[in-house]
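>>> Fold the following for me, if possible:
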Amino acid sequence: MNKFKRIKLSAFVILLFAAVTSLCAQDTLPAKVRNKRLIYIGTGTGITYTGGMIAANYAWYANYPRSQFHLFNDNNEWMQMDKVGHTLSSYYITHYSTRILRWAGLNNKKAVLWGSATSVLFMTSIEVFDGLSAEWGFSTGDIVANLSGTAIAATQELLWKEQRINLKFSYHSSGLAQYRPNLLGKTWKEQWLKDYNGQTYWLSASPAAFYNHDTKWPKWLCLSLGYGANGMIGGRNNPSSVNGQPVPYFDRYRQYYFSLDINLAAIKTRHKGLNTVFRLLNTLKVPLPALEYNRVDQFKFHWLHF
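A predicted model of the protein is given here:
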């Protein structure tokens with residue numbers, strides 16, 4: 001499966017789990033297992049998984065020859081931005097699955113166990129499909145990234161029963177997609193998924209979440225560390241021409257950010273619908289001023305970074 005189609009499937013699963021979790025969210029979780037809720041969750045997850053895998057097979061893999069199971073090393077592509085994306089996807093599937101299972105009345109350990117298993121099942125199945133396709137292969141780097149995202153979410157749920165350190169995503173137009181639109185996206189809808197140059201991945205946490213006593217620091221106000229990369233119009237290196245047309249030289253470099261962020265899920269209102277919207281939007285980093293460091297420009301200040 002090419003990266004764009006894989007990301008679309010992961011994004012769909014995340015949004016589906018996020019929507020269900022947000023609609024089911026409540027402050028007081030049941031003290032015992034609610035069998036009907038568990039049946040609904042199991043049935044819904046089974047349908048989503050089966051439907052997703054069937055769609056992936058017929059829509060994407062069926063157009064390419066099959067092969068024996070084989071490995072594929074793509075660890076040095078895209079300055080590992082795709083690997084961070086895998087980590088983010090696994091993190092949210094684990095987190096949302098765990099929250100849904102808690103809503104069904106499972107205790108925390110069981111919810112984390114089955115939530116983690118759900119994430120591993122979804123993400124590993126895609127890798128297995130890749131490993132049986134002559135066009136691609138099973139990426140051990142992707143598996144490590146997937147397991148890392150699951151571990152980040154599961155560890156926090158086991159330690160704190162909440163996510164004190166959130167993984168988030170932001171996007172801005174890099175302007176580089178015009179040079180390879182088939183690879184980086186022809187439209188804005190494609191580019192925010194395909195153009196790694198415009199993506200930034202964040203670790204966001206509020207200092208107040210780690211205090212056991214009252215603090216003046218608002219729990220919704222977070223410190224955020226970001227990672228991105230720029231200058232990439234090819235996976236491993238940049239071509240000098242595309243379709244016979246020369247393209248400019250772009251220096252490939254990593255970007256590191258420090259910024260503030262807002263934990264929208266920590267903002268409680270009396271409006272249930274608004275609370276649901278906040279939870280859904282909390283996967284995205286709120287645009288705020290940011291300090292960037294990279295080896296080309298050194299330190300740069302952005303009044304507003306997306």
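>>> can you give me the mean pLDDT across the host helix or strand of A290?
A290 belongs to strand 288-294 when assigned by DSSP states H and E. Mean per-residue pLDDT for strand 288-294: 98.
>>> Kindly state the beta-bridge partners for P246.
Counting by DSSP bridges, P246 is bridged to S241.
>>> Can you list the helices and strands that the strand holding A290 packs against?
When contacts are defined as 3 or more CB pairs under 8 Å, 6 or more residues apart in numbering; DSSP states H and E, strand 288-294 packs onto strand 253-262, strand 298-305. For the C-beta atoms, the positions are set from N, CA and C on the backbone; glycine is no exception.
>>> could those go into a markdown table alongside distance to A55?
Shown next, in a markdown table, are the helices and strands packed on strand 288-294 (distance: least, CB to CB, whole Å):
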| stretch | distance to A55 |
| --- | --- |
| strand 253-262 | 34 |
| strand 298-305 | 35 |
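>>> Out of the ones you listed, which gets nearest to T118?
Closest to T118 of the helices and strands packed on strand 288-294, according to CB to CB: strand 253-262, at 27.1 Å.
>>> ok, and what's touching that closest one?
Strand 253-262 is contacted by residues 79, 168, 200, 202, 204, 220-231, 285-286, 288-296, 305 when judged by CB atoms under 8 Å, 6 or more residues apart in numbering.
>>> residues contacting the residue lying closest to S170 once chain neighbours are set aside?
Leaving aside its chain neighbours, S170 sits nearest to K285 (4.1 Å; criterion: CB to CB, 6 or more residues apart in numbering). Counting by CB under 8 Å, 6+ apart, K285 touches 168-170, 200, 202, 204, 224, 226, 259, 261.
>>> sorry, back to before: the helices and strands packed on strand 288-294 into a markdown table, with extra columns for mean neighbour count?
Putting the helices and strands packed on strand 288-294 into a markdown table (neighbours: other CB atoms under 10 Å) gives the following:
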| stretch | mean neighbour count |
| --- | --- |
| strand 253-262 | 18 |
| strand 298-305 | 12 |
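>>> Including distance to S125 and mean pLDDT, could those strands go into a markdown table?
Output for these, formatted as a markdown table (distance: least, CB to CB, whole Å; pLDDT from 0 to 100):
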| stretch | distance to S125 | mean pLDDT |
| --- | --- | --- |
| strand 253-262 | 31 | 98 |
| strand 298-305 | 35 | 95 |
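>>> related to what we said a few turns ago, which members of the contacts of K285 are the farthest-apart pair?
Maximum distance among those (CB to CB): 13.5 Å, for F169 and S259.
>>> Can you work out which residues contact both of those two?
202, 285.
>>> Now do the same contact list for A229.
Contacts for A229 (CB under 8 Å, 6+ apart) come out as 78-79, 81, 196-197, 252-255.
>>> How much space separates it from G85?
12 Å (CB to CB, to the nearest Å).
>>> any common contacting residues for these two?
Taking CB under 8 Å, 6+ apart as the criterion, A229 and G85 do not both touch any residue.
>>> which of the contacts of A229 lies closest to Y179?
Nearest to Y179 among the contacts of A229, with distances taken as CB to CB, is N197, at 10.5 Å.
>>> For the nearest residue to that closest one once chain neighbours are set aside, which residues are in contact?
Once flanking residues are discounted, N197 sits nearest to S174: 3.6 Å by CB to CB, 6+ apart. Residues near S174 by CB under 8 Å, 6+ apart: 195, 197-198, 230.
>>> Tell me which entries of those lie within strands.
N230 (DSSP state E).
>>> ok, T87 touching L167?
Yes: at 7.0 Å, T87 counts as touching L167 under the criterion of CB atoms under 8 Å.
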